[in-house]
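Visitor: Sequence below, structure please.
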Amino acid sequence: MVVERDDISEILKDYDKSEITIGTIGSHSALQILSGAKKEGFKTLNMVTKERKEVYNAYPLARPDYSLEVKSYKEILDKDFQLKLTEKNVVIIPHGSFVEYVGAENILNDFHVPIFGNRESLVWEADRSKQREWLEGKAGLKMPREFKIDEINNLSIVKLHGAKGGKGFARARNPKEVSESLEYMKEKGLISEEDLQGDLTVQEYIDGARYYLHYFLSKFSDDFGVPVYHRGRRLGNLLLSSIDRRDETNIDDIHRTGLNPEELKEVGIVPTYTVAGNIPLVARESLLPKIYKMGEKTVEASDDLFPPGINGPFCLETFCRPNLDFVVFEISGRIVAGTNLYISGSPYLDMVEEGLSTGRLIAREIKKGIEKDKLDEIIY
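Guide: Alright, predicted model coming up:
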């Protein structure tokens, strides 16, 4: 049964607003979230596995005030565990690992702890058919064409279900290559049988540069960004906060082998797209109007599909084509790991405030929600 927004509002009423604790799970962008919260004066909580715990104690300015050790991140769905969180007035900041490890549907249906942002956006993010309805159907953004496997007759990208950071992506020019590539990747231990259980998505290959566009929609700040209005209502101010590219292993350096696809296979090298890191990027300035317009359309469409729509950080994952048009291939409806490049500020955030990060923007938005007694407008 869906956790209703009113249910979360009732829980927030019992919170001591002077003792809000910002929490997340130890992965993805937790260091940035924790450090940003501490800079804004919040207590912090990290839900973390034993083998990762010491990493989060290594950095004093991001060291969590509280750590809850878990064997599996699914444990946070237990009622007793959730009670520990609400007793500490915890507001959870979701990130990619949170969505992947806990599950978007579980978060929507079984997690009775306040979450920054709109938890419905995580469900829309996790389902690629919903993404297409949101971005192409409602927002009118250009997306890659999709095919059924038996329709492939040109270079295509095959994607496994879910937010797996590029894990399991494969190239194929025909249906036979799909099964061959996935089976070969399974033999090499790059994917598991479980990974193959979900639906496959097949998209046309887009020739272009990858631009991961990081946005932040603030409900309370009007001194940065551009105002977004929809159906006579102000949805907030939208800011392009930063941009990155992903360092994907091993596809980004596979050209250095000098081998063709058959030769790569002979020596046991499988082209993979698993994200291992992030690279900073600044867009050509004349592209900024297009970038902002895509973000505005995304926000407006979310207000129609799951009102009151998305708020806080999100990311449009795009290709910039040779004609300088953008094709959007995915959306992340929360903070993305590419923002970790900019814990001390980005080329864009430094023009708002020097040293500003997305993690700190999140904490500051929560602080303003408390000050204005409107926390339930940005928490669900």
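Visitor: Can you show me the helices along the chain?
Guide: Remark: helices assigned in the chain by DSSP state H are 5-13, 30-39, 50-57, 79-87, 96-102, 104-110, 119-126, 128-132, 175-187, 261-266, 288-305, 358-371.
Visitor: Let's have those helices in JSON lines, adding mean pLDDT and distance to Ile335.
Guide: Quick note: C-beta positions are derived from backbone N, CA and C, even for glycine. Output for the helices of the chain, formatted as JSON lines (pLDDT from 0 to 100; distance: least, Cβ to Cβ, whole Å):
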{"stretch": "helix 5-13", "mean pLDDT": "96", "distance to Ile335": "19"}
{"stretch": "helix 30-39", "mean pLDDT": "98", "distance to Ile335": "7"}
{"stretch": "helix 50-57", "mean pLDDT": "93", "distance to Ile335": "17"}
{"stretch": "helix 79-87", "mean pLDDT": "97", "distance to Ile335": "19"}
{"stretch": "helix 96-102", "mean pLDDT": "94", "distance to Ile335": "8"}
{"stretch": "helix 104-110", "mean pLDDT": "96", "distance to Ile335": "15"}
{"stretch": "helix 119-126", "mean pLDDT": "96", "distance to Ile335": "12"}
{"stretch": "helix 128-132", "mean pLDDT": "93", "distance to Ile335": "17"}
{"stretch": "helix 175-187", "mean pLDDT": "76", "distance to Ile335": "29"}
{"stretch": "helix 261-266", "mean pLDDT": "80", "distance to Ile335": "35"}
{"stretch": "helix 288-305", "mean pLDDT": "98", "distance to Ile335": "15"}
{"stretch": "helix 358-371", "mean pLDDT": "98", "distance to Ile335": "6"}
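Visitor: Which stretch among these is buried most, on average?
Guide: helix 30-39 (a mean of 25; mean count of other Cβ atoms under 10 Å).
Visitor: and it, what other elements does it pack with?
Guide: strand 21-25, strand 43-49, helix 50-57, helix 358-371 (3 or more Cβ pairs under 8 Å, 6 or more residues apart in numbering; DSSP states H and E).
Visitor: Kindly reformat the ones you listed as TSV containing distance to Gly225.
Guide: Conversion of the helices and strands packed on helix 30-39 to TSV gives the following (distance: least, Cβ to Cβ, whole Å):
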stretch	distance to Gly225
strand 21-25	22
strand 43-49	26
helix 50-57	31
helix 358-371	10
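Visitor: Could you find the residue nearest the spatial middle of this protein?
Guide: Ser332 (3.7 Å; Cα atoms, centre = their mean).
Visitor: What residues sit buried inside the top strand by length along the chain?
Guide: Counting residues, the longest strand found in the chain (DSSP state E) is strand 233-250. Neighbour-count burial for strand 233-250 flags 235-246, 248, 250 (criterion: 16 or more other Cβ atoms under 10 Å).
Visitor: Tabulate those residues in TSV, adding columns for pLDDT.
Guide: Below are the buried residues of strand 233-250 laid out as TSV (pLDDT from 0 to 100):
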residue	pLDDT
Leu235	98
Gly236	98
Asn237	98
Leu238	98
Leu239	98
Leu240	98
Ser241	98
Ser242	98
Ile243	98
Asp244	98
Arg245	96
Arg246	92
Glu248	83
Asn250	83
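Visitor: now, which of those sits nearest Glu187?
Guide: Of all the buried residues of strand 233-250, Asn250 has the smallest distance to Glu187: 16.5 Å, by Cβ to Cβ.
Visitor: Run through the bridge partners of that closest one.
Guide: For Asn250, the beta-bridge partners are Tyr273 (DSSP bridges).
Visitor: Would you mind measuring from it to Phe81?
Guide: The gap separating Asn250 from Phe81 is 38 Å, by Cβ to Cβ, to the nearest Å.
Visitor: do Gly103 as well
Guide: In this view, Gly103 and Phe81 are 15 Å apart by Cβ to Cβ.
Visitor: swap in Lys50?
Guide: 16 Å.
Visitor: Equivalent analysis for Asp244, please.
Guide: Distance, Asp244 to Phe81, using Cβ to Cβ: 33 Å.
Visitor: Enumerate every residue touching Ile243.
Guide: Contact analysis of Ile243 by Cβ atoms under 8 Å, 6 or more residues apart in numbering lists 211-214, 280-283, 338, 348.
Visitor: what about 10 Å?
Guide: Contacts here follow Cβ atoms under 10 Å, 6 or more residues apart in numbering; on that basis Ile243 touches 211-214, 279-283, 287, 291, 315, 318, 338-339, 341-342, 346-348.
Visitor: Dihedrals phi and psi, the spatially closest residue to it that is not a sequence neighbour?
Guide: Once flanking residues are discounted, Ile243 sits nearest to Leu281: 4.5 Å by Cβ to Cβ, 6 or more residues apart in numbering. Main-chain dihedrals, Leu281, degrees, to the nearest 10: phi -150, psi 140.
Visitor: which residues sit in contact with Leu281?
Guide: 209-213, 242-245, 338, 341, 347.
Visitor: Among those residues, which one lies nearest to Ile310?
Guide: Leu213 (14.0 Å).
Visitor: wait, isn't the closest one in contact with Ser346?
Guide: No - Leu213 is not in contact with Ser346 according to Cβ atoms under 10 Å; the separation is 12.0 Å.
Visitor: Would you mind grabbing the residues shared as contacts by those two?
Guide: 240-244.
Visitor: Which member of the residues you listed is positioned nearest Leu356?
Guide: Ser241 (8.3 Å).
Visitor: and the closest one, how far is that from Leu217?
Guide: 10 Å.
Visitor: Report the set of residues contacting both of the two.
Guide: With Cβ under 10 Å, 6+ apart as the test, Ser241 and Leu217 both reach 225, 313.
Visitor: related to what we said a few turns ago, could I get the contacting residues of the residue nearest to the centre of the chain?
Guide: By Cβ under 10 Å, 6+ apart, Ser332 lies in contact with 95-96, 99, 121-122, 125, 131, 163, 212, 214, 313-317, 338.
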